[in-house]
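*Asks:* Just need the structure, nothing else, for what follows:
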Amino acid sequence: MKSRNRVILYVIIAIVVIGFISVGALHNSAKSSSSVTTVSVAAPDNNRPYTYPNNGKIGGYYGALLGRIDKDLKQYKFEQTTTAQNSVFVGLQSGKYDLAVSNWWYSKERFNTYLHSTSNGLDDLRLITKKGGKSANSLKDVATKKLSLAPISTDDARYAFIQDYNAKNPDYKIDLKGIGDQSAGDALKQVSNGQYDVAIYPYAAYKPVGDTSEGKKLQISKSIGLENSYFLLNKNDKNEKLLKALNKELKKLKDNGYLEKNYEAVSLRKYV
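*Replies:* From the prediction side, this is the model:
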């Protein structure tokens, strides 16, 4: 009888111990889950090779960079979406999106409106003209030769770039026309078909189309300027903390050569 009671006691103790272990495991699991912060990320859906839709995620240079950051920053989970560029900014300003990724350059208005990271890339700006047509190797050439510049989206950093040039060069202003969203290749098509004389373009965005049927109709200038690119974040306390983590990660990826290698790899891909 004593032996049977002892067995029953051991069984009860075992059940209690297992119960405590299970409760502890659930607590730790819940704690681990709650320590992961979800970040809503948006990118333009027509800015190859920087960003484009890729199986429900962000493709291109910034998709690859975001994937690497997501892997390293275990405390964050990045929910990705692509949409029209103006929708990215509307959503970022309203707080629908925490983070916007693309080759965003400096502008006073943007940096006052949003949080911004340290530089995550460098764009080499060029002028694209039609072979056999008018050529330009500087913005002053565009102005003095009275070349027609392909319209630029007003929320595109290139628009602000030309605005800044015009403000600094009142005697050699360029006729700047603004439009709404356009795909990355629209301006090149407008130049190749003679609708406009010149387009301003980052070299990395031009390279993938250089060997296409459209690209073979075009010629490219020497560099006319370099622009750093940045992440943009909605201003709130959560994103202040995220920004510190992003900057620390970007410094690491710059120091170990990842940023440069990733940029070169994506720039060399062909998109049609």
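*Asks:* Residue 185 - how many residues pack around it?
*Replies:* Residues contacting residue 185 under the criterion other Cβ atoms under 10 Å number 21. (Glycine included, C-beta is placed from N, CA and C.)
*Asks:* try residue 99
*Replies:* Close neighbours of residue 99, defined as other Cβ under 10 Å, add up to 26.
*Asks:* Let me see the contact set for it.
*Replies:* Residue 99 sits next to 39, 40, 41, 42, 78, 92, 231, 232, 233, 234, 239, 242 when contact means Cβ atoms under 8 Å, 6 or more residues apart in numbering.
*Asks:* How is the second one classified with respect to secondary structure?
*Replies:* Reducing the assignment to helix, strand or coil with DSSP: H, G, I helix; E, B strand; the rest coil, the entry for residue 40 is strand.
*Asks:* Quickly note the distance from it to residue 165.
*Replies:* Using Cβ to Cβ, to the nearest Å, we find residue 40 at a distance of 35 Å from residue 165.
*Asks:* okay, these two: which has more neighbours?
*Replies:* Ranked by neighbour count (other Cβ under 10 Å), residue 40 and residue 165 place residue 165 first, with 20 against 17.
*Asks:* Can you check what pLDDT the model gives the closest residue to that one other than its chain neighbours?
*Replies:* Distances taken as Cβ to Cβ, 6 or more residues apart in numbering put residue 139 closest to residue 165, at 5.2 Å, once the chain neighbours are dropped. Per-residue confidence (pLDDT) for residue 139: 98.
*Asks:* contacting residues for residue 139?
*Replies:* Taking Cβ under 8 Å, 6+ apart as the contact definition, residue 139 lies against 127, 162, 165, 169, 172, 174, 224.
*Asks:* quick one: the helices in the stretch 1-150 of the chain?
*Replies:* Counting by DSSP state H, counting those that start in this stretch, the stretch 1-150 of the chain has helices at residues 2-34, 60-72, 85-94, 108-113, 139-144.
*Asks:* Buried residues of the fourth one, list them for me.
*Replies:* The one in question is helix 108-113. For helix 108-113, the buried set under the neighbour-count rule, 16 or more other Cβ atoms under 10 Å, comprises residue 110.
*Asks:* Ok, the second one next?
*Replies:* Under the neighbour-count criterion of 16+ other Cβ under 10 Å, helix 60-72 has 60, 61, 62, 63, 64, 65, 66, 69 buried.
*Asks:* packing partners for that helix?
*Replies:* The elements that helix 60-72 packs onto, with contact taken as 3 or more Cβ pairs under 8 Å, 6 or more residues apart in numbering; DSSP states H and E, are strand 37-44, strand 52-54, strand 76-83, strand 99-104, helix 237-255, helix 258-267.
*Asks:* Just the CA coordinates for it, please, in CSV.
*Replies:* Extracted in CSV, the C-alpha atoms of helix 60-72 (Å, rounded to 0.1, in the frame of the first residue of the first chain):
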residue,chain,number,x,y,z
GLY,A,60,16.0,44.9,-56.6
TYR,A,61,18.8,46.5,-54.7
TYR,A,62,16.7,47.7,-51.7
GLY,A,63,14.8,44.4,-51.5
ALA,A,64,18.1,42.5,-51.2
LEU,A,65,19.4,45.1,-48.7
LEU,A,66,16.2,44.9,-46.6
GLY,A,67,16.4,41.1,-46.6
ARG,A,68,19.9,41.2,-45.2
ILE,A,69,18.9,43.7,-42.5
ASP,A,70,15.9,41.6,-41.6
LYS,A,71,18.1,38.6,-41.1
ASP,A,72,20.5,40.5,-38.9
